[in-house]
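Asker: Build me a model:
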Amino acid sequence: MRNEQRGQSDYESVWTFRLERYDAAGQRVTLVPVEMRGTSFEGGLGEGDWVRAHGTLKAGTFRVKRVENETTGAVVTAKGIPKALLVIAGVFIAAIVLWMAYIAFQLITAPTGPPPDWLPSDFPT
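Answerer: Next up, the predicted model:
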């Protein structure tokens, strides 16, 4: 396990390990490098555990978010930023952008010059 920096003060945990793939006859076919990334992990794996992994192969590395530990029955998941929090942040940012656009529109379309009912004779000379 290692931590990688994401931004100024945000870190992401990374688990890297290898899985041994076996054929139907029980012979080891290949070793598969695996990587799990997240802000935290739930569950655990041990050396020699039989697992079933779910993910995608990218640049020769199997990237997973979920591993089922067949030996212990545990499910290991990589946790990230909750989707609800991302949605709320997106809505908040969109609201700020719309508010700024409204203010800019008001400034651009505001009438300039004196009011229509203003007459220079209103001032004493």
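Asker: Helix, strand, or coil at the residue nearest the centre of the chain?
Answerer: Among the residues of the chain, the one closest to the centroid is Ile81, at 5.8 Å (C-alpha atoms, centre = their mean). In three-state terms, and counting by DSSP: H, G, I helix; E, B strand; the rest coil, Ile81 is coil.
Asker: Setting aside sequence-adjacent positions, which residue approaches it most closely?
Answerer: Leaving aside its chain neighbours, Ile81 sits nearest to Thr39 (6.7 Å; criterion: C-beta to C-beta, 6 or more residues apart in numbering). For every residue, glycine as well, the C-beta is placed using N, CA and C.
Asker: Measure how far the helix or strand harbouring Gln106 is from the centre of its chain, please.
Answerer: Here Gln106 sits within helix 83-109, counting by DSSP states H and E. Offset of helix 83-109 from its chain centre (C-alpha atoms, centre = their mean, to the nearest Å): 21 Å.
Asker: So which bits of it are buried?
Answerer: Of all the residues in helix 83-109, not one is buried under the rule 16 or more other C-beta atoms under 10 Å.
Asker: check contacts around the residue nearest to Ile81.
Answerer: 11-13, 79-81 (C-beta atoms under 8 Å, 6 or more residues apart in numbering).
Asker: Pull out the buried residues from these.
Answerer: The buried subset of those - by 16+ other C-beta under 10 Å - is 12-13.
Asker: Generate JSON lines for the contacts of Thr39, with distance to Ala59 and pLDDT as supplementary columns.
Answerer: Below are the contacts of Thr39 laid out as JSON lines (distance: C-beta to C-beta, whole Å; pLDDT from 0 to 100):
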{"residue": "Tyr11", "distance to Ala59": "23", "pLDDT": "76"}
{"residue": "Glu12", "distance to Ala59": "18", "pLDDT": "79"}
{"residue": "Ser13", "distance to Ala59": "20", "pLDDT": "81"}
{"residue": "Lys79", "distance to Ala59": "24", "pLDDT": "79"}
{"residue": "Gly80", "distance to Ala59": "20", "pLDDT": "74"}
{"residue": "Ile81", "distance to Ala59": "24", "pLDDT": "71"}
